[in-house]
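[1] prediction below, plus the sequence it came from.
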Amino acid sequence: MNKRTFLKTSSVIAGGALLAGDISCAPEEKKEHLTNWAGNLRYSTGNVHYPNTIGEVQDVIKKSQKLTALGSRHSFNTIADNTENQVSLSHFNKVVSLDKLAGTVTVESGMKYGELAPYLHENGFALHNLASLPHISIAGAVATATHGSGIKNGNLSTAVLGIEFINAAGELVNLTKKNDGDKFNGAVVALGAFGVVTKLTLELQPTFNMKQVVYRNLAMSELEKNFNEIMGSGYSVSLFTDWKNKNINEVWVKSKVENENDAARPELFGAKLSQQNLHPIETESAENCTDQMGVPGPWYERMPHFKMGFKPSAGKELQAEYFVPIEHAYEAMMVFEKLTEKITPHLFISEIRAIAADGRQSGSADDSAPFVRARFRRGPGVRRDDCRLARRRCAAVRRAGRHARRALRRQTGAARWLEPDSVQPRAARVVRESVGAWPRGRRARHRPCGVDARQAVVSR
């Protein structure tokens, strides 16, 4: 498969880049070693910098021999880790400007989608898509081509019109979609390889209301001939399954409100409309989930699966993703279904979503590409300090992932995967080729670490 084909059918998996300088950094104080969101990783350094200005970010970069940037730390491995220095742009969390005439907003990179969305709605605007979690930082989500869902909806990076970052030489760089073409495209989904992102300009649309309903127990066989119709039955659609009994446990359908009096249909290809709010994992409380039952609300309170003010998802978990062209979707699902005994013991739930083209050199899809997201659990009763047990659980997850990707490769020949410990050298080369040479001889160094769709050097 050549590079062009690879980019059309897969999401990029690549390791982090380290910014190389000439002078070792001497932080003013030692801070506690941070952990990632899932709790499976404790970072190797306690030297975390929290700059407040562009000048301070430049100073940190120039003085650092090794530096990786942090966002909201929704990652599952060491992609944002190193033993010397980390920088957090959590103080860069403000709206810079809102251009109502142009329909754009410029924000600082550390701002989270859940913080930006209410502001946009109050001013009459919306984003075209959101991830299932509103807790993630905008720069981290964009840099990793983080997706929402919807056959006609591109991932979050497709809203970017301008980007500002500080490169390895400490220089401030601004690129725009209008003026910088391929250079801009390569810099948007760059996994942090170009430097530390400080600002982003996003394209907006008029605000709108949404509603969501959930259908229960869809026979997988219905997807063989009706996959596109089911995935296109709303603005954003997600399928949740534990791969038991050839059954889709839940179908979440999120739709724009055209008429508040329109009632949801009672069945969707045999699946029954739920009469109660549900969590993607049926045994979990739905308290943390966005409102269902067809209740109208602002776009940002329906498009994500989870509310901003609550604990997202199920907490301690690892995630693996498999990207499959839409024409292979059902075929790929049957590969997973045959592996039920191997993967189900380690699984919370799997989610199947569809996304549209993104046009990015390192993006997730050049054509509408559904993918399966498998959330593997570490296991009940695993404490963060119980490293031996955690390692055993993670090893079991990795074995299950190997079974899945080998079977997908044999069956479809088209799948690409993103797992906590996987590396795809070809994808890494794509990022390196996009980066090119750093100024003043400071070339970004690639470190091959596995990355999932919500992590990178900027580790949201």
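    Nice, thanks for sending it over.
[2] helix, strand or coil: sort out the nearest residue in space to Thr176 that is not next to it in sequence for me.
    Counting by Cβ to Cβ, 6 or more residues apart in numbering, Thr176 lies nearest to Gly162, which is 4.5 Å off, once chain neighbours are set aside. Bear in mind the C-beta positions are built from the backbone N, C-alpha and C, glycine included. State at Gly162, reduced to three classes by DSSP: H, G, I helix; E, B strand; the rest coil: strand.
[3] what's the answer for Trp252, then?
    Trp252 is classified as strand under three-state DSSP.
[4] ok, Thr83 next?
    Under three-state DSSP, Thr83 falls in the coil class.
[5] just Gln275 next, same as before
    coil.
[6] from Arg216, how far out is the closest residue to it other than its chain neighbours?
    Excluding the flanking residues, the one nearest Gln275 by Cβ to Cβ, 6+ apart is Met293, at 7.9 Å. Distance, Met293 to Arg216, using Cβ to Cβ, to the nearest Å: 13 Å.
[7] of the two, which one has the most company?
    Ranked by neighbour count (other Cβ atoms under 10 Å), Met293 and Arg216 place Arg216 first, with 18 against 15.
[8] across the sheet, point out what pairs with the more buried one.
    Glu250, Lys272 (DSSP bridges).
[9] and it, how far from Leu223?
    Noted for Arg216: a distance of 15 Å to Leu223, by Cβ to Cβ.
[10] Thr106 now?
    Distance of Thr106 to Leu223, given as Cβ to Cβ: 41 Å.
[11] in terms of neighbours, single out the busier of the two.
    Legend: neighbour count by other Cβ under 10 Å for Thr106 and Leu223, higher for Leu223 (21 against 16).
[12] the more buried one contacts Val237, correct?
    No: taking Cβ atoms under 8 Å as the definition, Leu223 is not a contact partner of Val237, at 11.6 Å.
[13] who touches both of the two?
    Shared contacts of Leu223 and Val237 (Cβ atoms under 8 Å, 6 or more residues apart in numbering): Ile230.
[14] which strand residues bridge Val107?
    Beta-bridge partners for Val107, by DSSP bridges, are Val95, Leu200.
[15] and it, what is it in contact with?
    94-96, 116, 138, 199-200, 202.
[16] just among those residues, which is most surrounded?
    Ile138 (29 neighbours).
[17] can you pull out the low-pLDDT segments for the stretch 1-150 of the chain?
    Scanning the stretch 1-150 of the chain for pLDDT under 70 picks out 1-30, 77.
[18] mind redoing it with 80?
    1-32, 37-40, 75-79 (pLDDT under 80).
[19] which residue ranges form the helices in it?
    Listed in chain order, the helices found in the stretch 1-150 of the chain under DSSP state H, counting those that start in this stretch are 3-9, 54-63, 113-122, 138-143.
[20] which of the ones you listed sits most buried?
    helix 138-143 (a mean of 30; mean count of other Cβ atoms under 10 Å).
[21] measure Glu341 to Asp242 for me?
    For Glu341, the distance to Asp242 equals 12 Å [Cβ to Cβ].
[22] which one's more surrounded, the two?
    Asp242 (17 against 9).
[23] wait, that one touches Glu351, no?
    No: at 10.9 Å, Asp242 does not count as touching Glu351 under the criterion of Cβ under 8 Å.
[24] rewinding a little: residues shared between the contacts of Met293 and Arg216?
    Ser274.
[25] remind me which residues of the stretch 251-400 of the chain are low pLDDT?
    For the stretch 251-400 of the chain, the stretches flagged by pLDDT under 80 are 260-261, 309-325, 342-343, 346, 357-400.
[26] can we see that at 50?
    Residues of the stretch 251-400 of the chain that meet the criterion pLDDT under 50 lie in 366-391.
[27] contacting residues around the residue nearest to Thr176?
    Gly162 neighbours (Cβ under 8 Å, 6+ apart): 106, 174-177, 199-201.
[28] dump these into CSV; add distance to Ala69 as well.
    Shown next, in CSV, are these (distance: Cβ to Cβ, whole Å):
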residue, distance to Ala69
Thr106, 19
Asn174, 18
Leu175, 18
Thr176, 22
Lys177, 23
Lys199, 14
Leu200, 14
Thr201, 19
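[29] tell me the contacts of Lys307?
    134, 288-290, 301 are the contacts of Lys307 under Cβ under 8 Å, 6+ apart.
[30] Lys94 now?
    Neighbouring residues of Lys94 by Cβ under 8 Å, 6+ apart: 107-108, 111.
[31] can you report how many residues lie near Glu287?
    10.
[32] for Pro298, same thing?
    Pro298: 17 neighbours (other Cβ under 10 Å).
[33] and it, how far from Thr146?
    Taking Cβ to Cβ, one finds Pro298 at 21 Å from Thr146.
[34] what's the answer for Asn209, then?
    Asn209 is 24 Å from Thr146, by Cβ to Cβ.
[35] out of the two, which sits in the busier spot?
    Legend: neighbour count by other Cβ under 10 Å for Asn209 and Thr146, higher for Thr146 (28 against 17).
[36] out of the helices of the stretch 1-150 of the chain, which gets nearest to Asn185?
    Closest approach to Asn185 among the helices of the stretch 1-150 of the chain (Cβ to Cβ): helix 3-9, 11.1 Å.
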